[in-house]
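A.B. asks: predicted model, plus sequence, below.
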Amino acid sequence: MTISAGTPFQFLNQDLLLLPQKAIYWQQEKALIAADVHFGKVGHFRKAGIAIPRNMEQDDLAMLSDLIHEHRPDKVIFLGDLFHSDMNNDWDWFVLWRSQFPRLQIILIKGNHDIISDKHYTDLGVILHKRLVVGPFLMLHHPLADPEKKEEDGYVLCGHIHPGVSLVGRGRQKVTLPCFAFGKNQAILPSFGKFTGKVAILSRKADRIFGVLKDKVIAIN
């Protein structure tokens with residue numbers, strides 16, 4: 001197991017640890033938060049005849065397991081798109097993984113890709129919500145339609161768009177890093193799953209952007 005070099009970030013009087021595995025550990029709630037895992041995406045593409053390495057799904061599950069063993073959370077909150085599409089063989093890997101943590105509370109904020117029957121999740125003890133308020137935060141999947149408009153229920157934590165930040169070097173070389181993007185009314189988490197893309201987002205002066213490198217998280221602004 002690799003110990004993660006997270007970046008501490010105190011926000012709204014809460015202690016958040018921004019992890020290079022593209023998740024957040026929230027110390028006060030003993031909660032691990034991740035967005036857009038997209039389990040089953042490998043199986044979905046392979047089912048369509050597209051050659052994708054099988055071990056990508058297991059890698060994401062192993063990373064989740066490492067984070068759980070390291071931080072020992074009471075709960076894991078998934079901010080939507082836990083599973084990519086309809087049922088396929090990758091579901092069996094998720095069932096096996098769940099059986100290793102029977103006492104761990106797992107909460108899923110349902111996203112647009114979460115189309116598997118609710119019963120399959122509830123049979124595994126996964127708690128489903130469309131939105132959930134925990135402390136000062138409102139857990140959603142989709143970002144706010146108007147990021148300038150504050151949600152009455154709390155500061156939004158969400159996913160969906162797989163945010164990235166573009167950096168340009170002195171030689172004009174360009175790289176786009178996954179990022180945590182904290183704005184005035186919401187924070188958008190990077191996609192946890194390896195088999196996902198990222199979209200460069202525009203940042204305003206008030207935003208706090210944290211880029212994700214292989215083994216650490218760095219403040220961009």
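C.D. replies: Noted; the coordinates are in hand.
A.B. asks: what number of residues are in the vicinity of Phe182?
C.D. replies: Using other C-beta atoms under 10 Å, the number of residues around Phe182 comes to 21. The C-beta positions use only the backbone N, C-alpha and C, and glycine is treated the same way.
A.B. asks: how about the contacts made by it?
C.D. replies: For Phe182, the residues meeting the contact criterion (C-beta atoms under 8 Å, 6 or more residues apart in numbering) are Phe11, Asp207, Arg208, Ile209, Phe210.
A.B. asks: partner residues bridging it?
C.D. replies: Phe182 forms beta bridges with Ala187, Arg208, as assigned by DSSP bridges.
A.B. asks: can you find the helix or strand of the chain with the lowest average pLDDT?
C.D. replies: Of all the helices and strands that make up the chain, the one with the lowest confidence by mean pLDDT, DSSP states H and E is helix 41-47; it has a mean of 46.
A.B. asks: remind me, longest helix of the protein?
C.D. replies: helix 55-71 (DSSP state H).
A.B. asks: mind saving the C-alpha coords of the helix or strand just after that helix as CSV?
C.D. replies: Tracing the chain C-terminally past helix 55-71 and defining elements by DSSP states H and E, one meets strand 75-78 next. Written as CSV, here are the backbone C-alpha positions of strand 75-78 (Å, rounded to 0.1, in the frame of the first residue of the first chain):
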residue,chain,number,x,y,z
LYS,A,75,-18.3,6.3,5.2
VAL,A,76,-17.5,6.7,1.5
ILE,A,77,-19.6,9.2,-0.5
PHE,A,78,-19.7,8.8,-4.2
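A.B. asks: now do the residue nearest to Phe192 when sequence neighbours are not counted against Gly193, distance only.
C.D. replies: The spatial neighbour of Phe192 that comes closest, neighbours along the chain excluded (C-beta to C-beta, 6 or more residues apart in numbering), is Ala34 at 4.1 Å. As defined by C-beta to C-beta, to the nearest Å, Ala34 lies at a distance of 9 Å from Gly193.
A.B. asks: let me see the backbone angles for the nearest residue to Cys158 once chain neighbours are set aside.
C.D. replies: Distances taken as C-beta to C-beta, 6+ apart put Leu140 closest to Cys158, at 4.5 Å, once the chain neighbours are dropped. Dihedral angles phi and psi of Leu140 (degrees, to the nearest 10) take the values phi -130, psi 170.
A.B. asks: surely Leu140 touches Leu157?
C.D. replies: Yes. Leu140 sits in contact with Leu157 when judged by C-beta atoms under 8 Å, with a separation of 7.3 Å.
A.B. asks: between these two, which contacts overlap?
C.D. replies: Joint contacts of Leu140 and Leu157 (C-beta under 8 Å, 6+ apart) are Leu79.
A.B. asks: and the pLDDT at the residue nearest to Gly183 when sequence neighbours are not counted?
C.D. replies: Nearest residue to Gly183, sequence neighbours excluded (C-beta to C-beta, 6+ apart): Asp207, at 5.1 Å. What the model reports as pLDDT for Asp207 is 86.
A.B. asks: please apply the same query to Val217.
C.D. replies: With respect to pLDDT, Val217 has a value of 95.
A.B. asks: list of residues touching the strand or helix carrying it?
C.D. replies: With elements taken from DSSP H and E, the one containing Val217 is strand 217-219. Contacting residues not belonging to strand 217-219 are listed as Ala5, Gly6, Thr7, Leu18, Leu19, Pro20, Phe180, Arg208, Ile209, Phe210, Gly211 [C-beta under 8 Å, 6+ apart].
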